[in-house]
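In: sequence plus predicted model, see below.
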Amino acid sequence: TNYQGRGLSRYRRWQARERAELQKKKTRSARRRLSRRKCKEQRHATHVNHVISKEIVSVAQRTGRGIAVEKLDGIRERVRLRRDQRGTLSSWPFRQLGQHLA
């Protein structure tokens with residue numbers, strides 16, 4: 001099964017737009033809101049990874065099969081991306097997903 005994380009990508013794009021508006025203001029309360037928003041976005045990504053990993057593990061247990069995950073260490077150095085793709089790749093929590101699966 002291929003999990004693409006489209007919902008998480010959409011959520012992150014929406015968060016980036018909201019973040020840009022707050023960063024323009026440069027006020028103390030905007031900085032506080034930015035830090036709260038950062039924590040909320042991290043919690044959301046962790047939740048999505050947890051849901052995906054639980055589903056993968058339950059299917060593997062039910063069918064009696066193993067789980068193979070591609071080794072993605074050093075992917076940021078190996079690939080060259082366009083500017084608009086760099087943020088997407090850098091915010092991809094693949095290590096966290098591997099830890100949830102383990």
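Out: It's in. Bear in mind that the values here come from a model prediction, so they are computed numbers and not experimental data. Numbers count the residues shown, from 1 in each chain.

In: switch to C-alpha atoms for all contacts and neighbour counts from now on
Out: Fine.

In: ranges for the helices of the chain?
Out: With helices called from DSSP state H, the chain shows them at 6-25, 28-63, 75-78, 83-90, 94-101.

In: who's in contact with Glu41?
Out: Applying Cα atoms under 8 Å, 6 or more residues apart in numbering, one finds that Glu41 lies in contact with 12, 15.

In: how far away is it from Lys71?
Out: In this view, Glu41 and Lys71 are 25 Å apart by Cα to Cα, to the nearest Å.

In: what does Ser35 give?
Out: Counting by Cα to Cα - Ser35 and Lys71 are separated by 31 Å.

In: and those two? Which one has more around it.
Out: The residue with more neighbours, out of Ser35 and Lys71, is Ser35; 13 against 10, by other Cα atoms under 10 Å.

In: do you know the pLDDT at that one?
Out: At Ser35, the predicted lDDT confidence score is 94.

In: and it, what does it touch?
Out: Ser35 sits next to no residue when contact means Cα under 8 Å, 6+ apart.

In: same question, Leu81
Out: Residues in contact with Leu81, defined by Cα under 8 Å, 6+ apart, are absent; none qualify.

In: that one and Ser91: what is the separation?
Out: 14 Å.

In: same question, Asp73
Out: Relative to Ser91, and taking Cα to Cα, Asp73 is found at 14 Å.

In: try Lys26
Out: From Lys26 to Ser91 the distance is 24 Å (Cα to Cα).

In: try Val69
Out: 18 Å.

In: who has more neighbours, those two?
Out: Higher neighbour count among Val69 and Ser91: Ser91, with 12 against 9, using other Cα under 10 Å.

In: what's that one sitting at in phi/psi?
Out: Dihedral pair for Ser91: phi -100, psi 10, per degrees, to the nearest 10.

In: next, count neighbours for Ile52.
Out: Ile52 has 16 nearby residues by other Cα under 10 Å.

In: list the residues that contact it.
Out: Tyr3.

In: find me the pLDDT at it, would you?
Out: Note on Ile52: pLDDT of 90.

In: gap between the nearest residue to Gly98 once chain neighbours are set aside and Lys25?
Out: In space, and not counting its chain neighbours, Gly98 is closest to Val69: 7.5 Å by Cα to Cα, 6 or more residues apart in numbering. With distances taken as Cα to Cα, Val69 is found 42 Å from Lys25.
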